[in-house]
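K.L.:
the sequence isn't on hand, but the structure is:
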C-alpha cells in the first residue's frame, strides 16, 4: 500500500511530527467551521416545543408523585413512632379533658399519667380518630414530621411567686380534683 503524503514527508525527514499534527488540527478546525447546523422548518420547531412542554409536564407529574410518596412515608413513620412509644393506659380511670378545634375531647388516663400530662412529660397525639399518650421527646419528633399531630403538649408553668404574697407558704396540691 502506498503511504499518505504526510507519512512520506515524515519518512524523508522534511517535516517533524509536531508540525504534521498542528497542520492536521488546523485542517480539522477549518472543516468544522464550514459546517452549519441546518435550519429547522416550522413543523420541526413546533415539534421541539411540544416535546419540551411534554418533558416539563412529565417532570411536574414526577415531582407530585415524589411529594405524595414522601407524605405517605412520613405518615408511616409517625404511625410507627406512636405505635412503638404509646403509653399503656390499661386501668385508666380518669377522663383527662382537653379542647381540640373548639370541641372538648377526652382521653382516659391513670392518676400517675394525669400528673405527667399536666407537667408536660407526656403529650397527647392524634392517631386515626384516637388519642394516644407518648413521651415528650417522641412528641417533638412527631411534630417535626407532621405538624398538627400533637394535639396537647403542656408546659410546666414557671413559678414566679410574688415575694409579698401572704399565702406563699400554703401550696395548692396538684392532685386536687374539684
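P.N.:
Received the coordinates, thanks. Values in this document were obtained by computation on a predicted structure and should not be read as measured data.

K.L.:
secondary structure element for the residue most central in space within the chain?
P.N.:
Nearest to the mean C-alpha position of the chain, by Cα atoms, centre = their mean, lies residue 70 at 7.1 Å. Per DSSP states H and E: residue 70 is located in helix 42-85.

K.L.:
strands along the chain, start to end?
P.N.:
Under the criterion DSSP state E, strands of the chain are mapped to 94-100, 103-109, 122-127, 130-135, 150-152.

K.L.:
the third one vs strand 94-100, what angle?
P.N.:
Read that as strand 122-127. Interaxial angle of strand 122-127 relative to strand 94-100 (axes from the mean of the first three to the mean of the last three Cα atoms, to 10 degrees): 60 degrees.

K.L.:
any idea how far strand 122-127 is from the middle of the chain?
P.N.:
Chain-centre distance of strand 122-127: 22 Å, with Cα atoms, centre = their mean, to the nearest Å.

K.L.:
and it, which strands flank it?
P.N.:
strand 130-135 (antiparallel), strand 150-152 (antiparallel) (DSSP bridges).

K.L.:
now, of the strands of the chain, which is deepest in the fold?
P.N.:
strand 122-127 (a mean of 22; mean count of other Cβ atoms under 10 Å). (C-beta placed from N, C-alpha, C; glycine too.)

K.L.:
ok, residues contacting that strand?
P.N.:
Identification of contacts with strand 122-127 by Cβ atoms under 8 Å, 6 or more residues apart in numbering yields 79, 82, 86-87, 96, 98, 100, 107, 113, 116-117, 131-136, 138-139, 142, 149-154.

K.L.:
local confidence estimate at residue 35?
P.N.:
What the model reports as pLDDT for residue 35 is 67.

K.L.:
next: the one 4 residues further on.
P.N.:
As summarised for this prediction, residue 39 has a pLDDT of 74.

K.L.:
all further residue positions should be reported with the first residue as 58.
P.N.:
From this message on, residue numbering opens at 58, which makes the last subject residue 96.

K.L.:
measure the residue lying closest to residue 203 once chain neighbours are set aside to residue 127 for me?
P.N.:
Nearest non-adjacent residue to residue 203, counting by Cβ to Cβ, 6 or more residues apart in numbering: residue 135, 5.3 Å away. Here residue 135 is placed at a distance of 13 Å from residue 127 (Cβ to Cβ, to the nearest Å).

K.L.:
check residue 85 too.
P.N.:
Distance from residue 85 to residue 127, counting by Cβ to Cβ: 51 Å.
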